[in-house]
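Novice: make a model of this:
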Amino acid sequence: MNTQHIWRIGLTGGIGSGKSTVAGMLAARGAAVIDADAISRNLTAPGGRAIAQISQVFGSHMVGADGAMDRPAMRALIVNHTDAKKQLESIIHPLVSLITAEQAQAALQSGQNCLLFDVPLLVESGERWRRQLDRVIVVDCDAPTQKQRVMARSGLAPEEIDGIIALQASRGQRLACADVVLFNQGLNLAELEAQVAQMAADFGL
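Specialist: Model prediction:
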């Protein structure tokens, strides 16, 4: 019988904070990473579990010829209709919760003792996530650093990045929710790895 403590850890951070890099480092140390963003994307990909409902609620024109949700069309709709965002969330969120639970259960059954829930909008979702977690790790850096990193990797225009940052929780709101803060600014990968290693030891990794 496995009597080790099971850790349920939430990982979050703004766009360009380095959250995915930290998730990869923790995965390499044996954490089972459950990626809420990837689950959400898969739901609206060709043949995803949300496609039938999206077609039913928004009309078949919201599903492309490839069988995936038409993201640009949905984005345009959401910008102009706040109700559309709520409707989409009411389809996506319960499915994300369901699949997250399935993946967590599978990880526990395979003997994992540390579940890492990678949730970009953890802070924005209020108590929904917080209740399920032992600790929340926030990967933090300032907005100019976020912007610089996102421009370097994605080629998005500065105003587009500002728009994405504005839609996310503020830096202060994220830090207020953190049990552990990883300050990822001016660090090289080895220095970040050293911080992660120190923190990981607390979770038996």
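Novice: the helix or strand harbouring G172 - contacts with which helices or strands?
Specialist: Taking DSSP states H and E as the criterion, G172 maps to helix 171-177. Under the contact criterion of 3 or more Cβ pairs under 8 Å, 6 or more residues apart in numbering; DSSP states H and E, helix 171-177 touches strand 135-140. The way it works is simple: take the backbone N, C-alpha and C, and place the C-beta from them, glycine included.
Novice: report the distance from the strand it packs on to the chain centre.
Specialist: Here strand 135-140 is found 12 Å from its chain centre; the criterion is Cα atoms, centre = their mean, to the nearest Å.
Novice: which parts of the helix or strand bottoming out on mean pLDDT in the chain are buried?
Specialist: The weakest-scoring helix or strand in the chain, judged by mean pLDDT, DSSP states H and E, is helix 127-130 (a mean of 78). By 16 or more other Cβ atoms under 10 Å, the buried positions in helix 127-130 come out as W129.
Novice: what's the following helix or strand after the helix holding G172?
Specialist: Using DSSP H and E, the helix or strand that follows helix 171-177 towards the C-terminus is strand 180-183.
Novice: need the contact partners of that next one.
Specialist: 22, 135-141, 175, 192, 195-196, 199 (Cβ atoms under 8 Å, 6 or more residues apart in numbering).
Novice: write a PyMOL command that selects only the buried members of those residues.
Specialist: Here is the PyMOL command that selects the buried residues among the contacts of strand 180-183 (16+ other Cβ under 10 Å):
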select buried, resi 22+136+137+138+139+140+141+192+195+196+199
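Novice: nearest to P120, of the contacts of strand 180-183?
Specialist: Ranked by distance to P120 (Cβ to Cβ), those are led by V139 at 10.7 Å.
Novice: that closest one touches I15, doesn't it?
Specialist: No. Applying Cβ atoms under 8 Å as the test, V139 and I15 come out as separate, 11.0 Å apart.
Novice: contacts for the helix holding G172, please.
Specialist: T12, G13, G14, L122, V123, R130, V136, V138, D140, D142, A143, V181.
Novice: what do you get if the cut-off is 10 Å, keeping everything else the same?
Specialist: With contact meaning Cβ atoms under 10 Å, 6 or more residues apart in numbering, helix 171-177 is reached by 10, 12-14, 17, 122-124, 126, 129-130, 136, 138-143, 146, 165, 168-170, 181.
Novice: for the record, mean pLDDT for the longest helix along the chain?
Specialist: Ordering each helix of the chain by length in residues (DSSP state H) puts helix 82-109 first. Mean pLDDT, computed over helix 82-109, is 92.
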